[in-house]
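A.B. asks: only geometry, no sequence info:
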């Protein structure tokens, strides 16, 4: 009996990505020996024209979703273990597109040390829609949580902020770019090593996906405190700095645009040296950008002159 | 700062479904204590107009996906632990629709003993698209696998075959039905208790999703043997029996139409009593429908007169 196209598609494109426990993607489920520690689990979905551009290089589309999920693991201080992915493909998706899509995933599997454990491939009359569930592990009780910041703690971020939101404009051709910003939009850098290095150092952590200011608000709400961010201290890439010099009105987008996938975390001032050490150990820049406060305010952002900035409410939600 | 609609949507509809370890769906990931045994993982996606009808009752749509995934756990002999779900919602999805969607999930969470651990809610310009990753556990080394059938083993199925494929026609209004068949299409009965009872009894197992004949072919390929199924022995519900009496040409659809979510498994003839005992323990009917063979043939289906039937190749793949 001949097998329908789904089977040959899986055999050609996804079987080479399958890891131990995946049972060659030919059983009803994967079976994994229980690893040590606690299990960390996250899931994210991406839809063409909502979360990425259909004309984005296929090599980057699956990788972006994998990296967004890896960023969730990083925010918890977890070590990647594996993932399951479902793919709803529009009619006319070519084997060549799928080859490139899978090749991108293979690169990141090697780079981040995880493999595919299972999934599902279906057709859709709508846009390409991807969903990914990631599994990781942390030593018992050592997961970094969003709750736990205290007034007086310092606010830190990894890497640079604003590249993702600026990069979306660059990818759409509405912002000048030498390719750096669009690349940051298409392929965020999940801070997996830094997250693990911050276990026992950061008091609270999350990844910046909705926008720096909004996400800082999440940490505040869970901690019952406020925050003051100094806009001038927020680390910018050379590309973002150039864009901001050309158009100072881009600052709110940088601070609230989201898609950064950098770590935002709280640490006691006395632990600043340990934070810097974690950054060095993970080869990841870390920058102090403000303080958690108990002045009754929400998140305040001070411009380089010390005046409070007015920013759009609620970030740029995809929903 | 006000929160965007995604947050209130999650709080209203999905937070009540969240289980231990889900961190109130307000962190970057769930953190679970490692359960005993091995971890069993599966993922499936469903798209409106491909896997369900947009006008299906919202109570059944999420439950169907959950049950399809529970059926994968059942096929492995695994005990449900939890799930993550991503939902891509078309514009205009109402809170009332989501209320009913979540209420259906809540019923099955209670019935099957699991809870939601995480997920993602996004908007889509396309059809409603759902993806679900399920987690379960098995005692080490006891997972039921698809490989392992041997020539001479008996072929068994649980429940009744054909209701799903007939039920799709009934739900579309092209087949007379008192509601039973459409109900079986909308809400399959994953054989979770039976799967666990068959550990150490069945030599190979899977769930019937692509169609009985095609899925039996999967077991054969992995075992390097053939199979003979007696069509007259295949258990039918009263609804399927009535439909077949009215139109005998429906038999191929019953045998190859899929969406059954019954267990198909191999057991040594000497273990027939243990299989029957497992069925009783799980309150689930089990029926012998044929034999695995070494006559060099693929899956042969004999009609009630003992003549080999000709069936469409490859089942009715969704892809």
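C.D. replies: It's in. Bear in mind the structure is a predicted one, so any value in this text is a computation, not a measurement.
A.B. asks: right, and residue A:131 touches residue A:42 too?
C.D. replies: No - Residue A:131 is beyond contact range of residue A:42, at 11.5 Å (criterion: C-beta atoms under 8 Å). For every residue, glycine as well, the C-beta is placed using N, CA and C.
A.B. asks: what about the two, which has more around it?
C.D. replies: Neighbour totals were compared for residue A:131 and residue A:42, and residue A:131 leads with 33 against 28 (other C-beta atoms under 10 Å in any protein chain shown).
A.B. asks: The more buried one pairs with what?
C.D. replies: residue A:45, residue A:86 (DSSP bridges).
A.B. asks: quick one: it from residue B:130, how far?
C.D. replies: Distance of residue A:131 to residue B:130, computed by C-beta to C-beta, to the nearest Å: 9 Å.
A.B. asks: same question, residue A:311
C.D. replies: 34 Å.
A.B. asks: And for the closest residue to residue A:159 other than its chain neighbours, the neighbour number?
C.D. replies: Counting by C-beta to C-beta, 6 or more residues apart in numbering or on different chains, residue A:159 lies nearest to residue A:262, which is 4.5 Å off, once chain neighbours are set aside. Residue A:262 has 32 neighbours, counted by other C-beta under 10 Å.
A.B. asks: what sits against residue A:262?
C.D. replies: Residues in contact with residue A:262 (C-beta atoms under 8 Å, 6 or more residues apart in numbering or on different chains) are A:157-161, A:191, A:207-208.
A.B. asks: Recalculate using a threshold of 7 Å.
C.D. replies: Counting by C-beta atoms under 7 Å, 6 or more residues apart in numbering or on different chains, residue A:262 makes contact with A:157-159, A:161, A:191, A:207-208.
A.B. asks: Out of those, give me the two with the largest separation.
C.D. replies: Within these, two members stand farthest from each other by C-beta to C-beta: A:161 and A:191, at 12.7 Å.
A.B. asks: My read is that residue A:265 contacts residue A:208, right?
C.D. replies: No - Residue A:265 is beyond contact range of residue A:208, at 10.3 Å (criterion: C-beta atoms under 7 Å).
A.B. asks: okay, those two: which has more neighbours?
C.D. replies: Using other C-beta under 10 Å as the criterion, residue A:265 and residue A:208 rank with residue A:265 on top: 32 against 27.
A.B. asks: The residue of the stretch 51-200 of chain A found nearest chain B - how many residues pack around it?
C.D. replies: Closest approach between the stretch 51-200 of chain A and chain B, counting by C-beta to the nearest C-beta: residue A:126, at 2.0 Å. When neighbours are counted by other C-beta under 10 Å, residue A:126 registers 23.
A.B. asks: same question, residue A:23
C.D. replies: Each residue near residue A:23 was counted by other C-beta under 10 Å, and the total is 19.
A.B. asks: repeat for residue A:214
C.D. replies: 26.
A.B. asks: nearest residue to residue A:222 other than its sequence neighbours?
C.D. replies: Residue A:222 sits nearest to residue A:147 (C-beta to C-beta, 6+ apart), 4.1 Å away.
A.B. asks: Noted, bye for now.
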